[in-house]
Structures are given as C-alpha cells and as structure tokens.
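Trainee: Sequence first, then the predicted structure, then my questions.
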Amino acid sequence: MLSQQDLIDKGLKATLVDHPLIQHKLSLMREKQQSTAAFRSLLREISWLLCFESTRDLPLEMKAIETPVEAMKAPVLSGKKLAFISILRAGNGLLDGMLDVIPSARVGHVGLYRDPDTLQAVEYYYKVPNKIGERLVVVVDPMLATANSAIAAVQRLKDGGAVNMRFVCLISAPEGVKAFNEAHPDIPIVTAAVDSHLNDHGYIVPGLGDAGDRIFGTK
C-alpha cells in the first residue's frame with residue numbers, strides 16, 4: 001500500500017485517511033473468508049470515519065440557543081445541507097454509514113456499469129437532489145480502480161450544475177487516482193488506502209475483490 005508521501009512523490013493528489021481503526025477494519029474486510037454480514041458492518045463503520053474526514057471543512061454559522069444553564073451562541077451548519085451521491089450499486093455500502101452521521105443529507109444516485117470488454121462506464125440511471133449547484137456534493141463508491149465510473153459520474157454531476165464536490169472511496173489504485181486527477185483536477189479524493197496496481201481485468205491488487213458482490217452476497 002502507498003503512503004501519503006508515496007502519493008506526493010508520484011504526483012498523485014488524494015487524501016489518505018490512515019487512522020488505525022480504519023486500517024484495522026479494512027484489513028478484516030480484505031479477508032476472502034469474511035462473511036457478507038461482517039463485510040457490510042465493517043464497511044458501514046469505516047464510512048462513519050471517512051464521513052468525518054470528507055466533511056471536516058463544512059461551513060458553520062452561529063445560532064442563538066438556550067442551554068439548561070444560560071443562553072449562548074452555538075455553531076451550527078450553515079447554508080444548504082449537503083448531498084451524498086452514490087454510484088450504484090456498491091456506493092450504497094458507503095452511503096448507509098454516512099447517513100448515520102448526517103441523516104439530514106439529501107441523497108442522489110448515479111447508475112453505472114462497467115462494460116466488460118472496454119471497461120468504460122455505461123449510465124443507466126440518474127436522479128439527484130434539486131439545486132445541486134448550491135450544495136456540497138460527496139460522491140461515494142468503495143473502489144477507485146480504472147476510475148472510469150467515477151470520472152463519468154462526476155462529469156454527469158458537473159453537467160447537472162454541481163460545483164463543490166469531493167469523491168470518497170475505500171480503496172484506490174494509483175492508475176485510478178492518476179486518471180481521476182487528470183479528468184477532474186478540481187475534485188479532491190478521500191480514500192482509506194491506495195493499493196499496488198490494477199490487474200489485467202481492471203481489479204485492484206491486492207484489493208478485496210468485487211465490492212458490490214461482497215456487499216450484497218451476489219457471488
């Protein structure tokens with residue numbers, strides 16, 4: 001796995017969230033014998049921690065409130081609430097945990113599948129909150145492999161008016177980070193790990209296999 005310094009040395013732009021709890025839970029997820037139920041639970045727990053990192057710069061404003069002791073000015077989120085956009089279907093594994101942390105967030109979905117021959121993303125569904133350009137948009141998908149799906153989803157959101165975005169994933173490949181950086185240099189990446197490389201089938205090595213299949217128990 002690459003470190004934050006490795007990314008810098010390679011000219012790759014991504015924030016690596018290397019908290020010990022995330023790394024421990026991710027290692028458990030990687031084990032091929034891990035049950036579907038445990039895989040889902042671990043992903044949900046990791047998504048809480050990734051949510052904190054990806055929203056650490058949310059704007060605040062002061063609001064007058066009454067505590068049981070006295071009146072005070074207290075910080076609350078300002079402006080439009082943010083929107084989580086899940087890249088179907090695996091993105092829902094991260095989405096569920098993030099909604100635990102920010103239940104008031106609006107939710108959108110971009111449905112994409114990877115053509116097995118070209119590895120290019122093909123869209124089959126798109127539904128996002130209104131006034132998307134006025135919201136912080138957090139796009140989620142567990143794996144950033146070739147980055148074709150992530151690049152296509154973010155471009156679709158830009159075309160729909162989204163301006164302030166970031167992409168959050170569990171595991172990345174250097175090739176995917178590079179491709180995403182080149183396509184969308186203005187969109188930050190937040191990831192829990194950057195693994196070695198992609199294999200001939202476009203899977204991250206060592207990775208954890210197909211995240212969607214492991215989340216939903218379909219293989």
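Mentor: That came through, no problem. Numbering: from 1, shown residues only.

Trainee: so who does residue 136 touch?
Mentor: By CB atoms under 8 Å, 6 or more residues apart in numbering, the residues touching residue 136 are 55, 58, 82-83, 164-166. (C-beta placed from N, C-alpha, C; glycine too.)

Trainee: who does it bridge with?
Mentor: Using DSSP bridges, the bridge partners assigned to residue 136 are residue 164.

Trainee: Give me the contacts around stretch 2-14.
Mentor: For stretch 2-14, contacts defined as CB under 8 Å, 6+ apart pick out 15-16, 18, 172, 174, 177-178, 181, 185, 188-191, 194-195.

Trainee: Tell me the most packed of the residues you listed, by neighbour count.
Mentor: In terms of neighbours by other CB atoms under 10 Å, the contacts of stretch 2-14 top out with residue 172 at 30 neighbours.

Trainee: In helices only, show me the contacts of stretch 2-14.
Mentor: 174, 177-178, 181 (DSSP state H).

Trainee: export the residues you listed to TSV and tack on pLDDT and distance to residue 110?
Mentor: Output for those, formatted as TSV (pLDDT from 0 to 100; distance: CB to CB, whole Å):
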residue	pLDDT	distance to residue 110
174	96	24
177	97	20
178	97	22
181	98	20
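
Trainee: which pair in the contacts of stretch 2-14 spans the largest distance?
Mentor: Greatest spatial distance in those: 18 and 185, 23.2 Å, computed using CB to CB.

Trainee: thinking again about what came up before, looking at neighbours, which among the contacts of residue 136 is most surrounded?
Mentor: Neighbour counts for the contacts of residue 136 (other CB under 10 Å) peak at residue 83, which has 23 neighbours.

Trainee: Beta-bridge partners for it, please?
Mentor: residue 106, residue 137.

Trainee: How about residue 143?
Mentor: For residue 143, the beta-bridge partners are residue 171 (DSSP bridges).

Trainee: can I assume it is in contact with residue 169?
Mentor: Yes. The pair residue 143 / residue 169 is scored as a contact, 6.3 Å apart, by CB atoms under 8 Å.

Trainee: Those two: which has the busier surroundings?
Mentor: residue 169 (30 against 27).

Trainee: circling back to that earlier point, pLDDT-wise, what's the bottom of the contacts of stretch 2-14?
Mentor: Ranked by pLDDT, these bottom out at residue 18, which has 89.

Trainee: Got the phi and psi for it?
Mentor: Dihedral pair for residue 18: phi -100, psi 30, per degrees, to the nearest 10.

Trainee: repeat for residue 57
Mentor: phi -110, psi 20.

Trainee: tell me, how many neighbours does it end up with?
Mentor: Residue 57: 9 surrounding residues under other CB under 10 Å.

Trainee: residues contacting the spatially most central residue of the chain?
Mentor: With distances taken as CA atoms, centre = their mean, residue 168 lies nearest the centre of the chain, 2.2 Å away. With contact set as CB under 8 Å, 6+ apart, residue 168 has these partners: 50-51, 54, 94, 138-140, 189-191.
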